[in-house]
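Enquirer: Sequence first, predicted model second:
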Amino acid sequence: MADELDWLEMLVASERVEEWLCTVCGSENSLASRRAAMQQLAQAAMEREAYAEEARQAGAVSRLTKVLANTEDLVLKQALVKFCTHEELIGAFRHKSRTIKYGELCIDIKEGALGDGLGARVWVVAHTLCRELLKHPAVVADKTVLEIGSGCGLCGILAAKLGAAQVVLTDHEEKVLHNLRDCVAANCDAASETQTAAMPMQAAMAAATRRSAAAEMHDPEDADSCDDLDDFFSADNAQPAASPEPMATSSWDFGNVHVRHLDWEESIMAGRLQQAAQSGDTTNTSTSTGSLQNQPGMPSQEQASSAPCVALEEKFEVVIGTDILYEEAHSKLVAAVLRHRLTMNGQAIICCAVRDQAIFDQFSQQLEAQNMQVKTVTVEPQAEDHGIIGKQHDYEGGFVLMAVKHTASVIRWHGTVLSSTRR
């Protein structure tokens, strides 16, 4: 499990490892400095995982093997051999697999190096969202679910195990996507035995859209703020779901669970096209539409090694995500994705650590501009999930759980109705 200090250590390790490698590989450097750099590199990589990962990313073994072939100094040569063959170091380069248990439910996860992308590791708030879903399984049961910024896919895989009709796990980084596929494959029993036949994903989403359109609409009323999300998660919010239709399988599909590439920028473009269409402005609309529709759900020949894309028109009854608001640009991007991908009566559940409160304030403003409503409450991860978090590093706004819906739909809080954006 990763935390903030792991990420900071990796940034420092990246700089130091490259500096040491340049010193060792530079034949013009003094022998004493090369020996010292090699000793520091070996010690750090064998003792600290971040340094081992950065050595792997920097191609240390390959670069130092060339030095080994061209050095006559026995001390340096011995240090090089020890570094390149040390079992603990080689082991640090491997992906790590473990089983995470939530009561009787077990999820097998393979974590990669942080250098492969932030999503290569499980972060603290993923456990927090998983426990919320366990308390309120009706949120995802029999629903079509999209997880954005899936990383290792912990929450999406749990949603499948809790009875979701379809689950689509997404990310953007190539290495993270391949690791995500491995994680889903390791939990392929998450797909219901009754859902292993397949259909085009569009049909499942169309069924979700029909259910959403048929859902009873209530007149919104103002309501006071409340302390938690219990009523939001209650079964009263669940809409009856039709049985999912089959979905075509590929190396990225596992029964009713699917791994897809998702570029959040597409939702920004889709919003612009929709605004242009509504205003009757067709200038460049055909060109823009064509650029988006050139992604029919499968990558082009140039992207043959990538995961299939999420089709532009696909919408979901539930969107989940953890730690997806850590850069300023994310406030606009995530809001656009939720507006674009949620069915009209759909709901999003987002759990994040608040590193910069301004980003979350901007996110609320972006949602309001997108005609969406949000309810935010503070949550506390369990002690075993903290790691160093909460002891040596304080977040500006703690940990929060956010529920998001379209303004035209209804969020019920303790028996009342929320009709506007609130915090």
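Expert: Cool, the structure landed. Numbering: from 1, shown residues only.

Enquirer: any idea whether residue 325 is helix, strand or coil?
Expert: Using DSSP: H, G, I helix; E, B strand; the rest coil, the structure places residue 325 in coil.

Enquirer: surely it meets residue 352?
Expert: Yes - taking Cβ atoms under 8 Å as the definition, residue 325 is a contact partner of residue 352 at 5.1 Å. In this view, the C-beta of every residue, glycine as well, is placed from N, C-alpha and C.

Enquirer: and these two? which has more neighbours close in?
Expert: residue 352 (29 against 26; other Cβ atoms under 10 Å).

Enquirer: so who does residue 73 touch?
Expert: For residue 73, the contact set (Cβ atoms under 8 Å, 6 or more residues apart in numbering) comprises 31, 35.

Enquirer: Could you do residue 319 as well?
Expert: Residue 319 sits next to 145-148, 337-338, 341-342, 346-349, 404 when contact means Cβ under 8 Å, 6+ apart.

Enquirer: anything in contact with each of residue 325 and residue 352?
Expert: The contact sets of residue 325 and residue 352 overlap at residue 360 (Cβ under 8 Å, 6+ apart).

Enquirer: still on that earlier bit, closest to residue 128 among the contacts of residue 319?
Expert: Set against residue 128, the nearest of the contacts of residue 319 by Cβ to Cβ is residue 349 (10.9 Å).

Enquirer: mind listing what the helix or strand the closest one falls within pairs with, with the direction of each?
Expert: Using DSSP states H and E, residue 349 falls within strand 342-353. Using DSSP bridges, strand 342-353 pairs in its sheet with strand 316-322 (parallel), strand 399-406 (antiparallel).

Enquirer: any low-confidence regions in the stretch 201-350 of the chain?
Expert: 201-249, 280-305 (pLDDT under 70).

Enquirer: hmm, 50 instead?
Expert: 201-227, 235-236, 238, 240-249, 286-291, 293, 295-302, 304-305 (pLDDT under 50).

Enquirer: Let me see the ranges of the helices in it.
Expert: Here the stretch 201-350 of the chain has its helices, by DSSP state H, counting those that start in this stretch, at 201-214, 265-279, 285-293, 328-341.

Enquirer: Can you tell me which helices and strands the longest one packs against?
Expert: Helices and strands in packing contact with helix 265-279 are listed as helix 285-293, helix 328-341; criterion 3 or more Cβ pairs under 8 Å, 6 or more residues apart in numbering; DSSP states H and E.

Enquirer: what comes up buried for it?
Expert: Neighbour-count burial for helix 265-279, counted by 16 or more other Cβ atoms under 10 Å, picks out 266-271, 273, 276.

Enquirer: just to revisit the earlier point, can I get the strand holding residue 349 as PDB, trimmed to CA atoms?
Expert: In PDB, the C-alpha atoms belonging to strand 342-353 read as follows (Å, rounded to 0.1, in the frame of the first residue of the first chain):
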ATOM      1  CA  LEU A 342     -23.500   9.100 -15.400                       C
ATOM      2  CA  THR A 343     -27.000   8.200 -16.500                       C
ATOM      3  CA  MET A 344     -29.500  10.900 -15.500                       C
ATOM      4  CA  ASN A 345     -30.500   9.000 -12.300                       C
ATOM      5  CA  GLY A 346     -27.000   7.700 -11.800                       C
ATOM      6  CA  GLN A 347     -24.800   8.400  -8.800                       C
ATOM      7  CA  ALA A 348     -21.100   8.800  -8.300                       C
ATOM      8  CA  ILE A 349     -19.200   7.900  -5.100                       C
ATOM      9  CA  ILE A 350     -15.800   9.500  -4.800                       C
ATOM     10  CA  CYS A 351     -13.400   9.000  -1.900                       C
ATOM     11  CA  CYS A 352     -10.200  11.200  -1.700                       C
ATOM     12  CA  ALA A 353      -7.500  12.500   0.600                       C
END
